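> Prediction below, plus the sequence it came from.
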Amino acid sequence: MSSTIDDKIDRFCTYILPQKHNCIRKLIVDATYMERILLAGDYPNLTYLELFNFKEEIVCHFTDKSPFQHIFQHQITDLILHNNDQNRVGTSLTIYNRNIYAHIIDLFQNLQHLTIITSSSVDEYPPFFLSWLPSTTYFTSTLTTLCINVFSFNDCVSLLDGRLKQLTTFNVQFYAIFPYLLIPTSIGYMHNLKYFSLTSYNIIWDTNDLIVSLLRRMTHLEKLTLYLRIGKSGQFDPNTSPYIDGTYLQNEILVHMSQLHTFNFYISTETCIDYSRSRISSNDIQQTFKNIKYEQTACIIDYVGAVATICHVYSLPFTFTHLEKITTHFPFILFNSVNHLSVYDFIPFEHEFFMQISQAFPLLKCFSIENWGMQYDNYNDYSSYSVIEFTHLILLDLKRAKYNYIEQFLLETKTYLPHLTHLKVNYYDLKTVTINFTRDTMRRNCSKVNQLIVEEPITFSKDVYQYFPSL
């Protein structure tokens, strides 16, 4: 197959590009073939470069001695990288930032738009990480659009300290927020910023209201997108809602943005609170959005266990790719955009629940289940149930689920997973449910799994490799 592709690339570079290179303004290419394609012509009008399968080795072409130096340094205004490098931490992440990201911004002197996205549906790429780097790093006077992942909210704040003066669009995902951070007084009002998108798929504990403090400085925003999971604990004022609701959003954020015309959001608030005396209903939360003029909204509040609550508020139509910790009470409307889902409850999930999931989330790729309840269905004749098909699912995480959910998903008479490649599971539960890796009715759903991820390092036996032939 690779030789066939190479032959096609050779013919393309030999017969087509030498005749057409003067006309090409936009080039979308696998990074593996970038050198061969760029050597096939001069590309005097090339301004847009999009590289798939980008890896750190590609940066060897981003130098002053590269034959493409003029293109990179003076022509490219739009650079989109589909990053295929593995995430890393600590010193290794700092080195990666200095050698890759900082080097790119220094070299591409006419860059106006930089987007870095992951090549994988499963793994994230190394994020921008500004700690331990000079304050002059990532300084550019040309960049207007930046779409990236950063390590922490601190890095997001640092990028808005004036080093990106022309920035009008900033789309950023972060993984953590540190309580010792304060918004520097040097960060003033950002009059140039028109579109801001802030995403965190992890629960964050913003005890100092840092996010609100930053948003209030964005007085000229025209479009705002928020995807946040907020954790709260401790004592709450009985006269106010402990959740992020419409009143909070209006009074704390939106009132400061007179030019805002589009507001898309998903915000969940997870609390530990004694609600034995009074409970706030979903309708109570919904009423707080009456005075917000931005599109339709929806709300669902779940009381989970003795003291835990999860309140989800979101704009409609739902446009985000992730949805976290939904329960059996969540409304099963169609979520066409969602490809990452986690479900969580103390009440057991039955077969019918997963059937509803497959219908409500038709493009689901990554599915995580947290539930320690024994399924009632397990005691019934499951041959009477319809087989559930998750057509696009590639990752299934059952590490925080009771062993019977392994059977629910791997048993072919219950579920069909034609593209499952990543399975996260407790090894000893897996061994038990598969009857020491001999149960034939589970082989079909295991046949394409190439990554079996267990909680502790273990040397797999020959039986495991026979049961999972793609490992």
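It's in.
> For stretch 351-363, list the C-alpha coordinates in PDB.
Extracted C-alpha coordinates of stretch 351-363, given in PDB (Å, rounded to 0.1, in the frame of the first residue of the first chain):
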ATOM      1  CA  HIS A 351     -29.400  -2.700  28.800                       C
ATOM      2  CA  GLU A 352     -32.100  -0.300  27.800                       C
ATOM      3  CA  PHE A 353     -30.000   2.700  29.000                       C
ATOM      4  CA  PHE A 354     -27.200   1.700  26.700                       C
ATOM      5  CA  MET A 355     -29.600   1.300  23.800                       C
ATOM      6  CA  GLN A 356     -30.800   4.900  24.400                       C
ATOM      7  CA  ILE A 357     -27.100   6.000  24.500                       C
ATOM      8  CA  SER A 358     -26.400   4.400  21.100                       C
ATOM      9  CA  GLN A 359     -29.400   6.200  19.600                       C
ATOM     10  CA  ALA A 360     -28.800   9.600  21.300                       C
ATOM     11  CA  PHE A 361     -25.100   9.700  20.500                       C
ATOM     12  CA  PRO A 362     -24.700   8.100  17.000                       C
ATOM     13  CA  LEU A 363     -21.100   9.400  16.500                       C
END
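> quick one: that stretch to chain centroid distance?
Distance of stretch 351-363 from the chain centroid (CA atoms, centre = their mean, to the nearest Å) equals 21 Å.
> low-confidence ranges in the stretch 1-150 of the chain?
For the stretch 1-150 of the chain, the stretches flagged by pLDDT under 70 are 1-3.
> one more time with 80, if that's ok
1-3, 64, 89-90 (pLDDT under 80).
> Please, where are all the helices along it?
With helices called from DSSP state H, counting those that start in this stretch, the stretch 1-150 of the chain shows them at 2-11, 17-20, 34-38, 69-70, 90-96, 102-107.
> would TSV of the ones you listed with mean neighbour count be doable?
For the C-beta atoms, the positions are set from N, CA and C on the backbone; glycine is no exception. Shown next, in TSV, are these (neighbours: other CB atoms under 10 Å):
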stretch	mean neighbour count
helix 2-11	11
helix 17-20	13
helix 34-38	18
helix 69-70	13
helix 90-96	14
helix 102-107	17
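> And those helices: which comes nearest residue 443?
Residue 443 lies closest, by CB to CB, to one member of the helices of the stretch 1-150 of the chain: helix 2-11, at 30.0 Å.
> gap between that closest one and the chain center?
Centroid displacement of helix 2-11 relative to its chain, using CA atoms, centre = their mean, is 34 Å.
> Same check on stretch 244-263?
Centroid separation for stretch 244-263 versus its chain: 24 Å, with CA atoms, centre = their mean.
> Test my guess that residue 171 contacts residue 156.
No. Proximity of residue 171 to residue 156 does not meet the contact threshold set by CB atoms under 8 Å, at 10.8 Å.
> circling back to that earlier point, which of the helices of the stretch 1-150 of the chain sits closest to residue 178?
Nearest of those to residue 178, taken as CB to CB: helix 90-96 at 15.4 Å.
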